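**Q** here is my input, please return the structure:
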Amino acid sequence: MRFLHDLTPQHDLTYDDVFMVPRRSGVSSRYDVDLSSADGTGTTIPLVVANMTAVAGRRMAETMARRGGLAVLPQDIPLDVVAEVVSWVKGRHPVFETPIVLDPQQTVSDALALLPKRAHRAAVVVAEGKPVGIVTESDCLGVDRFTQVGAVMTTDMVSIGEDTEPRAAFDVLAGTRHRLAPVVAADGALVGLVTRTGALRSTIYAPALDAQGRLRVAAAIGVNGDVAARAERLAEIGVDTLVVDTAHGHQERMLNALKAVRSTGIEVPVVAGNVVAAEGVHDLAEAGADIVKVGVGPGAMCTTRMMTGVGRPQFSAVLECVEAAREHGKHVWADGGVRHPRDVALALAAGASQVMIGSWFAGTYESPGDLQRSADGRAYKESFGMASARAVANRTSADDAFERARKSLYEEGISSSRMFLDPDRPGVEDLVDEICSGVRSACTYAGAHDLAEFAERAVVGLQSAAGYAEGRPLPGGWQ
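**A** Numbering: from 1, shown residues only. Model prediction:
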């Protein structure tokens, strides 16, 4: 990447402070752009779900891996739970979605409680292992909550064979005017679910798979306790990428934790952070990090800059840290500060191999929280930062009452925030579509066929707040 007119910025820059200049391009289509990362994590799109309890759970991990991304399970989850989640994710079908399954005797109340767990908002009714009907929210309207789903389910459905290619599955659904269909094995047993949109996505995205053809998943650990033992256990569980995470990554405990992890001989990529300057990157790389996580203070749930004055504008932090990482043959994940697809594209233009997303994905069907309704009827999920009162309470649950009360006095972040679901993009896959569409288009403007070429060819200029405002659309008209 280079700056327009070879200018040297006189102050640090956020994503809002910069723009990208189009260049002569031989890339004729967005679909010709390869978004795979070269950082060893095996992703086919450069998106990582941040290790936030309110964002990264089993449904998020499954869905993101199926579309080529990666989710990082939070460090405050007990190891036995992590083992169960990793096993579950790796047992999911790499192409077809995991359906909500009900038996005919379950109630409408059961169905309504489970339907918001999936973006397609449908459940497959199964008897003796074979699908016998489909239940949606509209089927449950106007009936008693104790009514059995067998009495309200739709039996007018079409089944798709598990060997059916995505294009053929789409044609079947379109031809029969069905929105979705159960996927079945040769003996009629339920294998998964496919929607029209899901079939289309399967022709665009390639899943992130491990050597055994299973969906990939990452997990985080902190820098306290027996770091080496926990890292070894996570490797045994089958975690594909290990993230050693703490708010201040450039500290002795982090360096010691990295050395402990490396002493175990585990072979998965090791990510460490967070830092915002070249000095931190050099030290983490020399201590054993394959990837350095960059970002202090830009996240939507983070109050670090307001509480401490510590942090750095994210674009400049990423740019400097990428240059330092390259000296060691290492990579950078840009963590935080993205609000729009343009921000993701700019982080990749600065040389990041992945962009981490947290709160942006919190307001989706796939995030772990329960779907709630505001007074005006809008759907939302609760999000909270990892230094918030709620997160601190989770991490200190084993402490005695005095220690919990003492630590709560220094709780730092926003306790919670309502993340409203976008009616037009309520699922994380909808947001992935939006982001990847923007990134692919940015690559075509730069004349780049892949992310490495994008980071090499990107030309970035500086802009005022008025320049940024000029680029914002006016969906409400001129008034």
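**Q** per-residue pLDDT, the spatially closest residue to residue 127 that is not a sequence neighbour?
**A** The shortest distance from residue 127 to any non-neighbouring residue, by CB to CB, 6 or more residues apart in numbering, is to residue 104 (5.8 Å). Any C-beta I mention is one placed from the backbone N, CA and C, and that applies to glycine too. Here the pLDDT value assigned to residue 104 is 96.
**Q** state the pLDDT value of residue 56.
**A** For residue 56, the predicted pLDDT is 95.
**Q** on the three-state scheme, it is what?
**A** At residue 56, secondary structure determined by DSSP: H, G, I helix; E, B strand; the rest coil is coil.
**Q** show me the contacts for residue 365.
**A** 59, 116-119, 121, 371, 421, 426-428 (CB atoms under 8 Å, 6 or more residues apart in numbering).
**Q** and the chain, what are its domain boundaries?
**A** Following automatic domain parsing, one gets these domains for the chain: 2-93+208-470, 100-194.
**Q** Serialize these to a markdown table and add fields for distance to residue 477.
**A** Listed next are those as a markdown table, based on distance: least, CB to CB, whole Å:
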| stretch | distance to residue 477 |
| --- | --- |
| domain 2-93+208-470 | 16 |
| domain 100-194 | 31 |
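**Q** pick the most deeply packed of those domains.
**A** domain 2-93+208-470 (a mean of 20; mean count of other CB atoms under 10 Å).
**Q** mind listing what the closest residue to residue 116 other than its chain neighbours touches?
**A** Distances taken as CB to CB, 6+ apart place residue 371 nearest to residue 116, at 4.1 Å, with adjacent residues excluded. Counting by CB under 8 Å, 6+ apart, residue 371 touches 116, 365, 379-381, 421.
**Q** for those, which one is nearest residue 185?
**A** For those, the minimum distance to residue 185 (CB to CB) is 26.8 Å, reached by residue 365.
**Q** on the three-state scheme, that closest one is what?
**A** Following three-state DSSP, the label given to residue 365 is coil.
**Q** how about the one 10 residues further on?
**A** Secondary structure assignment for residue 375 (three-state DSSP): coil.
**Q** please apply the same query to residue 399.
**A** Assignment for residue 399 (three-state DSSP): coil.
**Q** for the helix or strand where residue 19 lies, packing partners?
**A** Take DSSP states H and E as the rule and residue 19 turns out to sit in strand 18-21. Judged by 3 or more CB pairs under 8 Å, 6 or more residues apart in numbering; DSSP states H and E, strand 18-21 is in contact with helix 341-349, helix 428-446, strand 459-462.
**Q** with mean pLDDT and distance to residue 208 added, can I get these in JSON lines?
**A** Shown next, in JSON lines, are the helices and strands packed on strand 18-21 (pLDDT from 0 to 100; distance: least, CB to CB, whole Å):
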{"stretch": "helix 341-349", "mean pLDDT": "98", "distance to residue 208": "17"}
{"stretch": "helix 428-446", "mean pLDDT": "98", "distance to residue 208": "12"}
{"stretch": "strand 459-462", "mean pLDDT": "98", "distance to residue 208": "29"}
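**Q** would CSV of these with distance to residue 296 be doable?
**A** Below are these laid out as CSV (distance: least, CB to CB, whole Å):
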stretch, distance to residue 296
helix 341-349, 15
helix 428-446, 23
strand 459-462, 22
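**Q** residue contacts, the nearest residue to residue 85 once chain neighbours are set aside?
**A** Closest residue to residue 85 apart from its sequence neighbours, by CB to CB, 6+ apart: residue 58 at 4.8 Å. Contact analysis of residue 58 by CB under 8 Å, 6+ apart lists 85, 88-89.
**Q** one more: residue 460?
**A** 1-4, 18-21, 346, 349-350.
**Q** against which helices or strands is the host helix or strand of residue 236 packed?
**A** Per DSSP H and E: residue 236 is located in helix 227-237. Helix 227-237 sits against helix 79-90, strand 218-221, strand 241-245, helix 252-263, with contacts defined as 3+ CB pairs under 8 Å, 6+ apart.
**Q** and the helix or strand encompassing residue 318, how far out from the chain middle?
**A** Using DSSP H and E, residue 318 sits within helix 314-327. Centroid separation for helix 314-327 versus its chain: 22 Å, with CA atoms, centre = their mean, to the nearest Å.
**Q** other SSEs contacting the following helix or strand past that helix?
**A** Note on helix 314-327: by DSSP H and E, the next helix or strand toward the C-terminus is strand 331-335. On a contact count with 3+ CB pairs under 8 Å, 6+ apart, strand 331-335 meets strand 270-275, strand 291-294, helix 314-327, strand 354-357.
**Q** return the distance of the last one from the chain's centre.
**A** The one in question is strand 354-357. The chain centre lies 7 Å from the centre of strand 354-357; the measure is CA atoms, centre = their mean.
**Q** so what secondary structure elements neighbour that strand?
**A** Contacts defined by 3+ CB pairs under 8 Å, 6+ apart place strand 354-357 against strand 47-49, strand 331-335, helix 341-349.
**Q** just the mean pLDDT for the shortest one, thanks.
**A** This means strand 47-49. 98.
**Q** pairing partners for it, with directions?
**A** Next to strand 47-49 in the sheet, as set by DSSP bridges, lie strand 70-73 (parallel), strand 354-357 (parallel).
**Q** what residues does it touch?
**A** Under CB under 8 Å, 6+ apart, the answer for strand 47-49 is 41, 55-56, 60-61, 64, 69-72, 218, 333, 344, 354-358, 361, 432, 435-436.
**Q** after the strand or helix carrying residue 173, which helix or strand is next?
**A** Taking DSSP H and E as the definition, residue 173 sits inside helix 166-176. Per DSSP H and E, the first helix or strand lying C-terminal to helix 166-176 is strand 180-184.
**Q** off-centre distance for that following strand?
**A** Its chain's C-alpha centre and that of strand 180-184 lie 26 Å apart, by CA atoms, centre = their mean.
**Q** quick one: mean pLDDT for it?
**A** On average, the pLDDT along strand 180-184 is 96.
**Q** just the angle between that strand and helix 166-176, please?
**A** Interaxial angle of strand 180-184 relative to helix 166-176 (axes from the mean of the first three to the mean of the last three CA atoms, to 10 degrees): 130 degrees.
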